[in-house]
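Asks: This is a predicted model, with the sequence first.
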Amino acid sequence: MLTDGKKVPAMTLGVHKDFIPRLVEWCATEDHPGVKGEANRLQAWLIKNTQSAKVMSFIVAKRGLPFLVSMTTSEHEVMQNEALIALSLICTVILDNVEDELINHELSSKLHTLLSDESIHEEVKCNALALIATAIERSRTNKMKAYFEKAEIPELVRKISTVSEDVSKLKKAAKTVDELFESG
């Protein structure tokens, strides 16, 4: 991608008043799946490569967040990972501004799908667990923890932590998240 590893061009595009609304529009297009997929990926890449609150806030303000949430259950593993990483960065930087929107767009449902599907690769599940951990740790009001608990994410995480291989990264990540749910 054009912006990969290039912060200055990513920043320029990420706050461009005409480009981001058009990009979000392309994220919703049904005319061409390739355009839709690449627009979603570019949105995630802009977030990853800038790690800028300004870019993240602008994309959220232009209604780009629902497409990132939907992208977590894309049929393509690389897109799932890109979305999970972008959402983790959003939770790290601007969670206070997007908690309600993440809840309204049913993030927990997408994460539940990823974590419960046996065919999903370990790396994707680890990134989903990292997103959950970040959201819990960054939430000042415990709103995200309560939201995930209501969606029965802790039970799923606990199952992963006991069923996975003893030395797997997935088991370690699940145990870490389980501890976050267990802590007051």
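Replies: Right, received. Where do you want to start?
Asks: Quickly note the distance from the nearest residue to residue 158 once chain neighbours are set aside to residue 75.
Replies: Spatially, and ignoring its direct neighbours in sequence, residue 158 is nearest to residue 178 (5.4 Å; Cβ to Cβ, 6 or more residues apart in numbering). In this view, the C-beta of every residue, glycine as well, is placed from N, C-alpha and C. Note on residue 178: its distance to residue 75, by Cβ to Cβ, to the nearest Å, is 29 Å.
Asks: who's more crowded, the two?
Replies: Between residue 178 and residue 75, counted using other Cβ atoms under 10 Å, residue 178 has the larger neighbour count: 19 against 7.
Asks: What part of the chain, helix or strand, is modelled with the least confidence?
Replies: The helix or strand of the chain with the poorest confidence is helix 7-14; it has a mean of 90 (mean pLDDT, DSSP states H and E).
Asks: which outside residues touch the helix or strand just after that helix?
Replies: The helix or strand immediately downstream of helix 7-14 is helix 19-27, counting by DSSP states H and E. By Cβ atoms under 8 Å, 6 or more residues apart in numbering, the residues outside helix 19-27 that reach it are 13-14, 35-36, 39-40, 42-43, 58-59, 62-64, 67.
Asks: Which secondary structure elements does the strand or helix carrying residue 83 sit against?
Replies: Assessed by DSSP H and E, residue 83 sits inside helix 77-104. In terms of contacts (3 or more Cβ pairs under 8 Å, 6 or more residues apart in numbering; DSSP states H and E), helix 77-104 is packed against helix 33-50, helix 53-61, helix 65-71, helix 122-138, helix 143-150.
Asks: If we use 6 Å, what do you get?
Replies: When contacts are defined as 3 or more Cβ pairs under 6 Å, 6 or more residues apart in numbering; DSSP states H and E, helix 77-104 sits against helix 33-50, helix 53-61, helix 65-71, helix 122-138.
Asks: so how far is the shortest one from its chain's centroid?
Replies: Distance of helix 65-71 from its chain centroid, counting by Cα atoms, centre = their mean, to the nearest Å, is 8 Å.
Asks: Tell me the helices and strands packed up against that helix.
Replies: The elements that helix 65-71 packs onto, with contact taken as 3+ Cβ pairs under 6 Å, 6+ apart, are helix 77-104.
Asks: Specify the angle between the helix it packs on and helix 143-150 in degrees.
Replies: If you take axes from the mean of the first three to the mean of the last three Cα atoms, to 10 degrees, helix 77-104 sits at 100 degrees to helix 143-150.
Asks: The helix or strand that comes right after helix 77-104 - what's its average pLDDT?
Replies: Using DSSP H and E, the helix or strand that follows helix 77-104 towards the C-terminus is helix 107-116. Across helix 107-116, the average pLDDT comes to 97.
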